[in-house]
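A.B. asks: Provided below for reference: sequence and predicted model.
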Amino acid sequence: IVRPVSEFLVVDVQNDFISGTLNISHCSARQNGLEVIEPINKLLETVEFDTVFYSLDWHPSDHVSFIDNLPQRKVDSSSPISPEEAKTYDTVIFEGPPLMKQRLWPRHCVQDSWGAELHKDLKVMSISSQN
């Protein structure tokens, strides 16, 4: 209470979101994911944080949300979209119990893949460099 703690959380600055399979420049906002790296790096160089955390979107290769895994699960008859009609970013309902509503994404951030790695230009603080 006497001294506030400052923490910095860097969220999902991974290859697949910047130049890979789920590149955010192809999403509706049309943003360039590279644009987040410079301000993050500048903060890390100029502000003394007590702790820096890096979060990762990290999926197993058989993740339910990947459109190419759609044949691995049974789509419920109540689904507004059939498996044959389903496209990337559509939402289907898988059989249960319980029923599961799921948006379908391109394969991205698969564990231990290049796409799941933090971008090479992002400054990553080592444990020894944190106070």
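C.D. replies: Here it is on my side, so go on. Numbering: from 1, shown residues only.
A.B. asks: so what's the residue count around the residue lying closest to residue 60 once chain neighbours are set aside?
C.D. replies: Once flanking residues are discounted, residue 60 sits nearest to residue 111: 6.0 Å by C-beta to C-beta, 6 or more residues apart in numbering. Placement of C-beta: from N, CA and C, glycine included. Neighbour count for residue 111, taken as other C-beta atoms under 10 Å: 11.
A.B. asks: ok, residue 102 next?
C.D. replies: Neighbour count for residue 102, taken as other C-beta under 10 Å: 17.
A.B. asks: could you do residue 33 as well?
C.D. replies: Counted with other C-beta under 10 Å, the neighbours of residue 33 add up to 21.
A.B. asks: and what of the one 10 residues further on?
C.D. replies: By other C-beta under 10 Å, the residues close to residue 43 number 14.
A.B. asks: ok, it - contacts?
C.D. replies: By C-beta atoms under 8 Å, 6 or more residues apart in numbering, the contact set of residue 43 is residue 8.
A.B. asks: hang on, it in a helix?
C.D. replies: Yes - assessed with DSSP: H, G, I helix; E, B strand; the rest coil, residue 43 lies in a helix.
A.B. asks: so how far is residue 23 from it?
C.D. replies: Computed with C-beta to C-beta, to the nearest Å, the distance linking residue 43 and residue 23 is 24 Å.
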